[in-house]
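**Q** Any chance you can model this:
(chains A and B)
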Protein chains: 2
Amino acid sequence: MKTARTKNIPGAEHLEGRRTKKISRFAGRLLAEWKRLALPVTDARVIVAVSGGADSVALLLALDELLNAARLSVSLTVAHLDHGLRASSQEDARWVEALSRRLGYGLELERAGVKELAAKAQDNLEQAARRARYEFLARLGDGEAGEACVVLTAHTMDDQAETVLLRLVRGSGAEGLGGMEPVRRLHPQSNVRLARPLLNWARRAETEGFCRALDVEFRADEMNEDESFARVRVRKRLLPLMRGINARVVEALARTAGLLREDSRTLDEMAALLLGEARSFEDSRALNISVLASAPASLRRRALRLWIAEGRGDLRRLELVHLVGVERLLAGERGGRVAELPGGSHVSRRRGRLVFHPKRVENGGEHD
Amino acid sequence: MKTARTKNIPGAEHLEGRRTKKISRFAGRLLAEWKRLALPVTDARVIVAVSGGADSVALLLALDELLNAARLSVSLTVAHLDHGLRASSQEDARWVEALSRRLGYGLELERAGVKELAAKAQDNLEQAARRARYEFLARLGDGEAGEACVVLTAHTMDDQAETVLLRLVRGSGAEGLGGMEPVRRLHPQSNVRLARPLLNWARRAETEGFCRALDVEFRADEMNEDESFARVRVRKRLLPLMRGINARVVEALARTAGLLREDSRTLDEMAALLLGEARSFEDSRALNISVLASAPASLRRRALRLWIAEGRGDLRRLELVHLVGVERLLAGERGGRVAELPGGSHVSRRRGRLVFHPKRVENGGEHD
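**A** You can find the predicted model right below:
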């Protein structure tokens, strides 16, 4: 049955043609991006997060196609987190289970009480759901051996554009405006990579089209229609307005995000050098103020951010206003002697140095 | 009459209080920004561009207040460019003339046929009007002696937010997303500064409020209501939607722009160093490919941009796609040997070097 389906793929006119088995244009573009991102083509375990929506179903189907066509030779597992948020979420889980079984892949299924998690962490539902998903994926990845395991999410270029706009509206700097990374560590302590092989090229309309072309249903998430979520308003109202000014605004936003990620990478590298220079010989938790004060603001702020991340273990809830507070300490007496950080830690100024004082360590790393 | 008006300013409750004469909160904030931007407090000529709209009228009135209160001691001239675009534009000119006369300031008045300029330069009306305005201001400034002259425009924080969004929609990188500079050279060859002393703090509602508080009318520009202009759609439709997600989105955008300007400044400085390193000893117009190829993309692209600006005299119509074309030359044979630039110049790759070939020099610099 697999073979028949693979052969009958409509839209398979566009072929790579280097091997005997024909692959669809969508799978071909996925494979090209897979190689560009240096993801493993053989001897690896690949865990793909599938919600049941068009994006993740298209990713799963395209991977299945590449495996069937022997363009990839990896061990594929499907992962699904049931958020327990909606009546239909159990149905979604059963649906993903059936699809995985039909395609012949193992499924990692877990259930989370996102509502309870949100209340506990004082997050909104969106944040709590996102956190629960990434923590689930992190747990799956942590059982695996580094380079040989990749965890995939099906974020598209549309998701990237929405992320950039949301962060812009909320007042991000270049770090946030860079949007999602196509590849990053699953979490700061992990060697497992989290990859988004649709992010740089696939539009949502294409993932839907690919599912339809293969005659595979996908699930619609009611939350995608609920305009009480800022992301939904960005998608359904902001982006259409912007499209009236530039029809290719999604591509433009994705490209801008890529440029800003490159800028951030360069600035982060220089900030790490600055941090090294600023570190006190006598006390590695302290920084020399004179070194920081003479550096450009863009590097100083990033160096302070790195240093605070070291001290706190993460950057949760750290905002520009906190960094500005720490920067004020550099100015001397006028700026006071202590800058509070969210979560109870603080930075003090003492004899020409900044000193970090941990208070309590919050659990988990920050995920996007 | 001046004295009476100055004394009766409503809202003058908020005082700096260091001198005898009371000043309004609006003028006080202008003075604080004036000092922060290191603009001259005495012995200078200040040319203020006044369209007749609330922003520029408020700026003129606040400057007048600071001069009357002896907080500033500079020679003030009003500049007005009649775009000749609307029936009412002559009325605007006469209105600005009357206001200047009433306040006791000289007026530089000029008329431009923006429609004809737009047709000639193949610009849209907005672009042509902006260019005509800045060229008018540049001519005024060029008669002046460097540091001792400052040209002012009345752009507010709202203008900055609109600029950032427009550039984002059109696909800018960090340079563009930094928005307008609070202070820059009037044009690349000028020592005269162009300053925007309202940009970092004043909201449009405040400039209108300040005019009203002083019982001074201002002119309404019909173009500000015309939704065929992208900027007007950004102002009247996009920003209100964004305000539904973050009530302080204008401030957030202005702050982001400031952060990105700082980032750009740091990256530009490093790119200038890279350009110096890459410059060929034998031919100063040529660059060593090996130096560029090993640099981070964010610096390489900026170094190429600087180098192209040198060669062409400006960056008009240069887009990312052109830079990417030049970057492809670095990759060697696969990338071909010539990259065309807009306006007829090009870059070629020859024996491990990039060489710039000017074609024809376009007139004038690029203004924002």
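**Q** got the angle for the biggest helix by length in chain A vs helix B:249-278?
**A** Of all the elements of type helix in chain A, the one with the most residues (DSSP state H) is helix A:249-278. For helix A:249-278 against helix B:249-278, the angle by axes from the mean of the first three to the mean of the last three C-alpha atoms, to 10 degrees is 70 degrees.
**Q** In helix A:249-278, which residues are buried?
**A** Of the residues in helix A:249-278, those scored as buried under the neighbour-count criterion (16 or more other C-beta atoms under 10 Å in any protein chain shown) are A:249-264, A:266-268, A:270-271, A:274-275, A:278. (C-beta placed from N, C-alpha, C; glycine too.)
**Q** near chain B, anything from that helix?
**A** Yes. Judged by C-beta under 8 Å from any C-beta of the partner chain, helix A:249-278 and chain B are in contact via A:249, A:251-253, A:255-256, A:259-260, A:262-263, A:265-267, A:269-270.
**Q** per-residue pLDDT, the residue of the stretch 251-368 of chain A found nearest chain B?
**A** With distances taken as C-beta to the nearest C-beta, the stretch 251-368 of chain A approaches chain B most closely at residue A:252, which sits 3.2 Å away. The per-residue pLDDT reported for residue A:252 equals 95.
**Q** Could you show which parts of chain A are in contact with chain B?
**A** Taking C-beta under 8 Å from any C-beta as the measure of proximity, chain A contacts chain B at A:166, A:168-174, A:177, A:230, A:233-234, A:237-238, A:241-242, A:244-246, A:248-249, A:251-253, A:255-256, A:259-260, A:262-263, A:265-267, A:269-270, A:296-299, A:320.
**Q** contacting residues around whatever helix or strand residue A:303 lives in?
**A** Assigned by DSSP states H and E, residue A:303 belongs to helix A:297-312. For helix A:297-312, the external contacting residues (C-beta atoms under 8 Å, 6 or more residues apart in numbering or on different chains) are A:267-268, A:270-272, A:274-275, A:278, A:285, A:287, A:292-293, A:295, A:315, A:318, A:322-323, A:326-327, A:330, A:341, A:343, A:345, A:347, A:356, A:358, A:361-362, B:259, B:262-263, B:265-266.
**Q** Return the angle between stretch directions for it and helix A:249-278.
**A** 70 degrees.
**Q** Show me which residues of helix A:297-312 are buried.
**A** For helix A:297-312, by 16+ other C-beta under 10 Å, it's A:298-309, A:311-312.
**Q** Would you mind giving these as JSON lines with pLDDT and distance to residue A:102 added?
**A** Output for these, formatted as JSON lines (pLDDT from 0 to 100; distance: C-beta to C-beta, whole Å):
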{"residue": "A:298", "pLDDT": "93", "distance to residue A:102": "52"}
{"residue": "A:299", "pLDDT": "96", "distance to residue A:102": "53"}
{"residue": "A:300", "pLDDT": "94", "distance to residue A:102": "55"}
{"residue": "A:301", "pLDDT": "93", "distance to residue A:102": "51"}
{"residue": "A:302", "pLDDT": "94", "distance to residue A:102": "48"}
{"residue": "A:303", "pLDDT": "95", "distance to residue A:102": "52"}
{"residue": "A:304", "pLDDT": "94", "distance to residue A:102": "52"}
{"residue": "A:305", "pLDDT": "92", "distance to residue A:102": "47"}
{"residue": "A:306", "pLDDT": "92", "distance to residue A:102": "47"}
{"residue": "A:307", "pLDDT": "93", "distance to residue A:102": "51"}
{"residue": "A:308", "pLDDT": "91", "distance to residue A:102": "49"}
{"residue": "A:309", "pLDDT": "89", "distance to residue A:102": "44"}
{"residue": "A:311", "pLDDT": "86", "distance to residue A:102": "50"}
{"residue": "A:312", "pLDDT": "83", "distance to residue A:102": "46"}
